[in-house]
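Asker: coordinates only, sequence not included:
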């Protein structure tokens, strides 16, 4: 049986481009605006290292330290999971 299947080319990290995200990685959590995605890394601007999230339902993280740089690049191989920020 043949079926019609919709294919969404923007799935996964690519679907979140332009959104504020949190990346749950092997060692640290990172939050910021996702502005770039390729095979090896993602690019965050206005980024922070999240040392303690606090309760997930709260409007901000309990301890997020801003990275005072133009951009932060995170290797995709280190990302365990991701979602939009709050």
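Answerer: Received, thanks. Just so it is clear, the model here is predicted, and its values are computed rather than measured.

Asker: List the buried residues in the longest strand seen in the chain.
Answerer: With DSSP state E applied, the strand covering the greatest number of residues in the chain is identified as strand 41-52. Along strand 41-52, the positions that meet the burial threshold by neighbour count (16 or more other C-beta atoms under 10 Å) are 41, 42, 43, 44, 47, 48, 50. Glycine gets a C-beta too; all of them are placed from N, C-alpha and C.

Asker: Then stretch 48-65?
Answerer: Neighbour-count burial for stretch 48-65, counted by 16+ other C-beta under 10 Å, picks out 48, 50, 53, 61, 64.

Asker: In CSV, list those along with distance to residue 32 and pLDDT.
Answerer: CSV is the format used below for these (distance: C-beta to C-beta, whole Å; pLDDT from 0 to 100):
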residue, distance to residue 32, pLDDT
48, 6, 98
50, 10, 97
53, 15, 94
61, 12, 94
64, 10, 97
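
Asker: Need the max-distance pair from those.
Answerer: 48 and 53 (11.4 Å; C-beta to C-beta).

Asker: overlap in contacts of the two?
Answerer: Common neighbours of residue 48 and residue 53 are listed as residue 61 (criterion: C-beta atoms under 8 Å, 6 or more residues apart in numbering).

Asker: any idea where the strands of the chain begin and end?
Answerer: Read by DSSP E, the chain holds these strands, from start to end of the chain: 20-25, 29-37, 41-52, 63-66, 72-75, 79-84.

Asker: Great, nothing more from me.
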